[in-house]
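J.: I would like the atomic coordinates for the input below:
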Amino acid sequence: MIPLTMFIVEDNPWDRKGIAAMIDYKELGINRILSFEDGQEAFEALLESPPDIVLTDVAMPRLNGLQLAVKLHESYPGIKIIFMSCYSEFEYIKTALEMNSTGYILKSVEKDELYKVLEKAVGEINRERDNQLMVSRLLENTDRKKIQEQFITDFIFDSAGDEKTLRARFSEYRICLPASCGLCLISIAADKEVIEPEHDSYNPARYTLYKELEKVFEESLCETEKAVIVSTSYTEFIVFCIIDLTLRPLNGFTSVAMDTLLKLPKKYLTRISAGVSQVSGHLPDASNLYQQSIQAKENVFFGDSRFMVFSAGAEYELKTKIGKPQTNKNLYSDLRKLLSMGHEEDLQAFLDKYVQKTDVWQNELYIKNIAFMIVTMTRFIIQAEDVRSFDGSQAYGLEEFWKEIDSVRTIPELRKYLRESVLLDMSGLSQGGASHKAVIAEQIKNSIKANYGRHLTVKDIAQEVNFSSIYISNLFKQVTGKTIFEYLTQVRMEKAMELLKKPESRIYLVADEVGITNKSYFCLAFKRHTGLSPSEYKNKAKF
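T.: Numbers count the residues shown, from 1 in each chain. The predicted structure is shown next:
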């Protein structure tokens, strides 16, 4: 075990000395303790040699404990922070928790309480070090490329976190990021005629396309840039582009991406479509960039050629048939009639009237304004009718409605969004206030529980429950507090724990059974979920 260092930051000299002598810190693995009278003095010292733990008072002169924590969070996110204070008010505790502190103890500090909170901090540090060591060993002893691709796949679907923490994660997997880093994601779908889905994990056609993508991007990118290509299904890939913004302007990569794709062999240029996201200089934007690339790829505004490259950040001249704008003179009465006694087939006719199909094109702002009016009028009609059975939790603010509508990029997607929204309201009126979001969240859970053993994406789940990927992602997070990917991982790990208890179980077979084909990555995910490696858990289960 590597010895730990702790800073005690306390302006009262008697308290400072008392805390330093209160417990046997070496018993916890804390071999070096330094004391400081305020946050400024402590921060200047840690610039020379950062500690593992900072135990700090809240109220101090010059730089108080909360201000010190802000600086640490920005520059040293791995340091464990424990607050001490005479204040038991909720706001102080709330602020401490928001800074991801390890603990908050009240003065005068009790010996047992101090030991307990430090034991927790030391445990977190040791687990993090074990994880880092495990990743390092995996990268040394297994196919590093596969481990990195699996990490990127997970990161695309869940990129939450601050910039410094996320950079540390990339470093952990030995993926170098430029000092000024930009991200651009490209979603690629191939026709089934090019890549026919197979049950066999090795598919020569898929591998050939993968290698061609790898080749053209390697030729186009600079030395400090990188493209990681991951497969999200048998016929779909994501190209995760890491861009050096010191070499390219923020908006200068979109055309590079398009030109690069056009270098693919001609046999692909009539059989694939690709969507290019905007470029962002922030790592936490990766999940949003992925959604942008998917929306751009599925965009049908731009004609019917088989090879399509669309960018969420570019404008195109549209040469399709221009649809005649539909008057909204009767929108209110039509919508009221639909809500009061309409059925699903009536909703289809309503959408055909006000949001025309894809064989015509309408001005984007006009169509989105119509959609916004439909969604908001629905709420106003319900409120005007004083329908008490309607589930009030479904009422969003106008700003949230517009954000959802404005994020939509295609007419089919907009029609799907409106269909889902109005259907929920119609069912809310007819089913006496049942929480329909909770019902849908339960359907998503059931889908995951039934399919966790295979390669599963949010798109697969969305198709099964008959809603859009964006809609179910937002809904599931609202209802459960978890992302779909987090819940999928939880289900897989819980099933893995159950299987590993069987004496005859084999780790690589368990990994495959819960839908993770890469054994090394399975071991890493299991360790993070349980705190034990699969072999440690299996041995412990014997007793």
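
J.: In which helix or strand does residue 352 reside?
T.: helix 344-354 (DSSP states H and E).

J.: So residue 80 sits against residue 125, correct?
T.: Yes: using Cβ atoms under 8 Å, residue 80 makes contact with residue 125 at a distance of 6.4 Å. In this view, the C-beta of every residue, glycine as well, is placed from N, C-alpha and C.

J.: Looking at these two, which one has more neighbours?
T.: Comparing residue 80 with residue 125 by other Cβ atoms under 10 Å, the one with more neighbours is residue 80, at 25 against 20.

J.: What residues are bridge-paired with that one?
T.: residue 53 (DSSP bridges).

J.: need the contact list for it.
T.: Contacts here follow Cβ atoms under 8 Å, 6 or more residues apart in numbering; on that basis residue 80 touches 52-54, 102, 121, 124-125.

J.: pLDDT wise, what is the residue most central in space within the chain at?
T.: Compute the mean C-alpha point of the chain, and by Cα atoms, centre = their mean the closest residue is residue 158, 2.0 Å away. The model reports residue 158 with a pLDDT of 80.

J.: one step back: so what sits against both of residue 80 and residue 125?
T.: 52-53.

J.: How many residues are close by residue 264?
T.: 18.

J.: quick check, it in a strand?
T.: No: counting by DSSP: H, G, I helix; E, B strand; the rest coil, residue 264 falls outside a strand, being coil.

J.: Distance of the residue lying closest to residue 469 once chain neighbours are set aside relative to residue 438?
T.: Distances taken as Cβ to Cβ, 6 or more residues apart in numbering place residue 462 nearest to residue 469, at 4.4 Å, with adjacent residues excluded. Distance, residue 462 to residue 438, by Cβ to Cβ, to the nearest Å: 18 Å.

J.: give me the number of residues near residue 255?
T.: Residue 255: 12 neighbours (other Cβ under 10 Å).

J.: Are we agreed that it is in a helix?
T.: Yes: counting by three-state DSSP, residue 255 is found in a helix.

J.: Please report the distance of it from residue 279.
T.: 11 Å.

J.: Residue 252 too?
T.: 8 Å.

J.: Between those two, tell me which one has more neighbours.
T.: Per other Cβ under 10 Å, whichever of residue 252 and residue 279 has more neighbours is residue 279, with 25 against 13.

J.: Quick check: phi and psi on that one?
T.: Main-chain dihedrals, residue 279, degrees, to the nearest 10: phi -100, psi 130.

J.: how close does residue 48 sit to residue 5?
T.: Counting by Cβ to Cβ, the gap from residue 48 to residue 5 is 12 Å.

J.: Tell me which of those two has more neighbours.
T.: Taking neighbours as other Cβ under 10 Å, residue 48 and residue 5 compare with residue 5 leading, 17 against 6.

J.: I'd say residue 134 and residue 533 touch.
T.: Yes: counting by Cβ under 8 Å, residue 134 touches residue 533, with 7.3 Å between them.

J.: Any chance you could list residues touching both of the two?
T.: With Cβ under 8 Å, 6+ apart, residue 134 and residue 533 have common neighbours 523, 527.

J.: would you list every one of the strands in this structure?
T.: Secondary structure of the chain (DSSP state E): strands located at 4-9, 30-36, 53-57, 80-85, 103-106, 181-190, 226-233, 236-244, 272-276, 308-311.

J.: Among the ones you listed, which comes closest to residue 456?
T.: For these, the distance to residue 456 is smallest for strand 226-233, at 9.7 Å, taking Cβ to Cβ.

J.: neighbouring contacts of the closest one?
T.: 148-149, 152-153, 156, 175-176, 206, 210, 213-214, 217-218, 221, 237-242, 455, 457, 459-460.

J.: residues touching the residue nearest to residue 445 when sequence neighbours are not counted, list them.
T.: Closest residue to residue 445 apart from its sequence neighbours, by Cβ to Cβ, 6+ apart: residue 487 at 6.8 Å. By Cβ under 8 Å, 6+ apart, residue 487 lies in contact with 444-445, 448, 476, 480.

J.: Does the residue nearest to residue 224 when sequence neighbours are not counted have any beta-bridge partners, and if so which?
T.: Excluding its sequence neighbours, the residue lying closest to residue 224 (Cβ to Cβ, 6+ apart) is residue 244, at 4.4 Å. Bridge pairing for residue 244 (DSSP bridges) gives the partners residue 181.

J.: give me phi/psi at the residue nearest to residue 286 when sequence neighbours are not counted?
T.: Leaving aside its chain neighbours, residue 286 sits nearest to residue 159 (3.7 Å; criterion: Cβ to Cβ, 6+ apart). Phi and psi for residue 159, reported as degrees, to the nearest 10, are phi -110, psi 20.

J.: quick one on the thing from earlier: please pick the buried ones from the contacts of residue 80.
T.: 52-54, 102, 121, 125 (16 or more other Cβ atoms under 10 Å).

J.: I am finished for the moment; much appreciated.
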